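> pasting a predicted model and its sequence here:
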2 protein chains.
Amino acid sequence: MMGIKLTDVAKKAGVSATTVSRVINNYGYLSQKTIDKVHKAMEELNYQPNSMARSLQGKNTQLIGLIFPTVSHPFYGEIVSKIETKLFEKGYKTILCDSANNKEKERDYLRMLIANKVDGIIAGAHNLDIIEYKNVGLPIISFDRYLAEGIPIVSSDSYQGGRLATEQLYQRGGRKIAIFTGTNESASPTNQRLNGYLSVIKEHHLDPMVYHFPLEYSPFLKATEIRQILSRDKIDSVFCTDDLTAILVINKAKELGLEIPEQLKVIGYDGTEFVQNYFPQLSTVLQPMDQFVDLLIDLLMKRINNADVELDNLYQLSVKFIQGQTS
Amino acid sequence: MMGIKLTDVAKKAGVSATTVSRVINNYGYLSQKTIDKVHKAMEELNYQPNSMARSLQGKNTQLIGLIFPTVSHPFYGEIVSKIETKLFEKGYKTILCDSANNKEKERDYLRMLIANKVDGIIAGAHNLDIIEYKNVGLPIISFDRYLAEGIPIVSSDSYQGGRLATEQLYQRGGRKIAIFTGTNESASPTNQRLNGYLSVIKEHHLDPMVYHFPLEYSPFLKATEIRQILSRDKIDSVFCTDDLTAILVINKAKELGLEIPEQLKVIGYDGTEFVQNYFPQLSTVLQPMDQFVDLLIDLLMKRINNADVELDNLYQLSVKFIQGQTS
DNA sequence: AAATTTATGATATACGATTGACATATATTA
DNA sequence: TAATATATGTCAATCGTATATCATAAATTT
């Protein structure tokens, strides 16, 4: 039932428990001979120090909590996977929290992460107004949304991205340019994409055509509504604030016999590796995933190593337009 | 720096530490008044029992380790997300381990999970020959691969799935039926899909056309090779042992001007919600994701609650063919 | 040979919560 | 009223590890 413990190693190596602890934590005087003896015993017994006991002593847990909507979405799956990989290289383990856009769940998760004494949190969920974030008292870095005063946000320049996509559609001849986006939440980055869209529309004296899709819509429901919109409204271009919606648009457009890009131009947003590999035809705005991950982890490490380090409130990385065949 | 602890709650509530512990763990005699007082104090202080200290006492950590190749792949992302959600409902937290098809990493993860005293592990990684699994001494359930003697495997009937897809292609008129699959590893489930394919091919006296793609191939490399194969070899049907490969095939076929399904029929394998939502046109073999998840967790819970419970070695769920427009 | 550095052990305390043993006091029931 | 059930407190030990303090002994330097 129970595992090997430090005293077992001590016995096996023929030294005192103190010495084993000295070897593990590398302090005090130690002869090479003893070090080797202890290591040998640890290996032979396949000894793993009990993380619980260690962190009770104030040692770091080396645990990082990740709060994201859901890894079943390729965008979050990809970023979570990259974060996890990089953290592992740095000796950290990842506790995964799929918040599922559920406030209650997110709140529960937050409490759980505190109870598990994680060393830090990276939060990329989309629920707003979680006051609890203010009182966590733990290093947190946020991805792409405002959480609370003093919690740095890593995001891309959504406004610029929105402009970029819309301008592209205009340049390619689009004059009835619609935007398909999420629900209108002022703090969310998709809202900035909308603002970018609106600014370009205004510059060119076009009529804005804004379509909101609630987050809780299933892809099927969304697709149905998209089909309606496409067949009902005169639209020659669509800027979707995420790639998956763009894919739905393309699918439905094809069903309706619309030629892409001749009759309908479509530009997405995100540009995950997944989309680039499996939908290479899609024109999209590329978010710098690797830079996100590097920066998120970099900032988090800084906060972990020094809780009082001064960090900016907002880190905005630039996006890039990728020309495919859908625009 | 330090968080609220049990004694702080006791002080606040004006009771003894023992009483607080009694409330938390619900044992001994307690008056409703005291229970309420303590709960109130816990809430006001936002108290979270230190998980480390609890599990040092032999309490369960309520942690489950998940070892999967990578959540950036929609199939694994989806199953991990479902598992995580269901575990959370049962009061468990998930430690995510993206093994990245890397033996070293998988081994490290296994040690880490042991050190973190997880209550159990669900492993769906694809590396083979990890002897360490034998000595874990922890409840483990495997998804879709053999790990070690006594570790139950939950999988779908890959052989039947391979037969199903191949037979469909034949029924639709395919006579040059190829299979695109991973590297030949006898223990892997894709190999059973291959065997199913071969059995049908044999029954109809056709020539097998087997193409192996190494796991470590990037999608780009794979796509390039697929294009070569399609333009070089006389093939009228392809059975891909996963949906993403099928998507590559479709993309490349379109590039080559091949009509689908007239000139080339394609059937995939997996049938994730993602593919059903965003590639509804794809014919595929549907794996019962929800049943996988239910069974995996069910079996794991049984093992956690009773380490000696008798479980079958293999649980095979049946698959279903989904007719799309690509076959 | 004396002083110092290096190497190890023994012992005790701490981390935060759990739990058993025992004491005591009130409330309820026989 | 006596017996029992209920409610709470005190105290100490425990989980596995870390670490400070003191002691001791061998190795090295002066």
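Yep, it's here.

> rest of the way, CA atoms for contacts and neighbours
Fine.

> so A:Arg111 versus B:Arg145, what's the distance?
Between A:Arg111 and B:Arg145 the distance, using Cα to Cα, to the nearest Å, works out to 35 Å.

> neighbour count: these two, which is higher?
Here A:Arg111 and B:Arg145 are set side by side on neighbour count (other Cα atoms under 10 Å in any protein chain shown), and the busier one is B:Arg145, at 23 against 18.

> who touches that one in this structure?
B:124-126, B:153, B:155, B:187-189 (Cα atoms under 8 Å, 6 or more residues apart in numbering or on different chains).

> close to DNA strand C: what parts of the stretch 1-150 of chain A are there?
Taking Cα under 7 Å from any atom of the strand as the contact definition, the stretch 1-150 of chain A meets DNA strand C at A:14-19, A:28-35, A:53-54, A:56-58.

> now the lowest-mean-pLDDT helix or strand in chain A, how far from the chain's geometric center?
Lowest mean confidence among the helices and strands of chain A (mean pLDDT, DSSP states H and E): helix A:103-115, at a mean of 86. Distance of helix A:103-115 from the chain centroid (Cα atoms, centre = their mean, to the nearest Å) equals 17 Å.

> how much space is there between A:Glu43 and B:Arg111?
If you go by Cα to Cα, the gap between A:Glu43 and B:Arg111 works out to 12 Å.

> nope, A:Ile229 is what I was after
The span separating A:Ile229 from B:Arg111 equals 54 Å under the rule Cα to Cα.

> weed out the non-buried ones from the residues of the stretch 1-150 of chain A next to DNA strand C.
For these, a neighbour count by 16 or more other Cα atoms under 10 Å in any protein chain shown gives the buried set as A:17, A:19, A:34-35, A:53, A:56.

> farthest pair within those?
For those, with distances taken as Cα to Cα, the pair at the greatest spread is A:Thr34 and A:Leu56 (26.9 Å).

> show me the contacts for A:Tyr159.
Applying Cα under 8 Å, 6+ apart, we find A:Tyr159 in contact with A:192-197.

> what about it, which SS state?
Classification of A:Tyr159 using DSSP: H, G, I helix; E, B strand; the rest coil returns helix.

> what helix or strand is the residue nearest to A:Asp243 when sequence neighbours are not counted located in?
Distances taken as Cα to Cα, 6 or more residues apart in numbering or on different chains place A:Gly268 nearest to A:Asp243, at 4.4 Å, with adjacent residues excluded. Mapping A:Gly268 onto the secondary structure by DSSP states H and E places it in strand A:265-270.

> and the next helix or strand past that strand?
Counting by DSSP H and E, the next helix or strand C-terminal to strand A:265-270 is helix A:273-278.

> state the number of residues packed around A:Ser218.
12.

> with the one 4 residues further on instead?
Neighbouring residues of A:Lys222 were enumerated by other Cα under 10 Å; the total is 18.

> and what of A:Asn306?
Here the number of neighbours of A:Asn306 (other Cα under 10 Å) works out to 11.

> now it: phi and psi?
Main-chain dihedrals, A:Asn306, degrees, to the nearest 10: phi -150, psi 100.

> okay, it and A:Gly65: tell me how far apart.
On the measure of Cα to Cα, A:Asn306 and A:Gly65 end up 18 Å apart.

> I'd guess A:Phe239 is in a strand, am I close?
Yes: secondary structure of A:Phe239 (three-state DSSP): part of a strand.

> pull the contacting residues for it.
Neighbour list for A:Phe239: A:165-166, A:169, A:177-180, A:246, A:266-268 [criterion: Cα under 8 Å, 6+ apart].

> try 6 Å this time
Contacts for A:Phe239 (Cα atoms under 6 Å, 6 or more residues apart in numbering or on different chains) come out as A:179, A:266-267.

> show me what it is bridged to.
With DSSP bridges as the criterion, the beta-bridge partners of A:Phe239 are A:Ile179, A:Ile267.

> if we can go back for a sec, just the mean pLDDT for the strand holding A:Gly268, thanks.
The pLDDT scores in strand A:265-270 average 97.

> contacting residues around that strand?
By Cα under 6 Å, 6+ apart, the surrounding residues in contact with strand A:265-270 are A:237-243, A:246, A:283-287, A:326-327.

> rerun that using 8 Å as the cut-off
A:75, A:165, A:169, A:174, A:236-246, A:249-250, A:260, A:282-287, A:326-327.

> again with stretch A:31-38
The contact list for stretch A:31-38, computed with Cα under 8 Å, 6+ apart, reads A:9-10, A:13, A:20, A:23.

> please apply the same query to stretch A:113-120.
For stretch A:113-120, the external contacting residues (Cα under 8 Å, 6+ apart) are A:60-65, A:136, A:138-140, A:300, A:304, B:48-52.

> drop anything exposed from the residues you listed.
When those are checked for burial by 16+ other Cα under 10 Å, the buried set is A:61-65, A:138-140, A:300, A:304, B:48-52.

> for those, which one is nearest B:Phe274?
Of these, the one sitting nearest to B:Phe274 (Cα to Cα) turns out to be A:Gly65, at 25.6 Å.

> ok, now how distant is the closest one from DNA strand D?
A:Gly65 sits at a distance of 22 Å from DNA strand D (criterion: Cα to the nearest atom of the strand, to the nearest Å).
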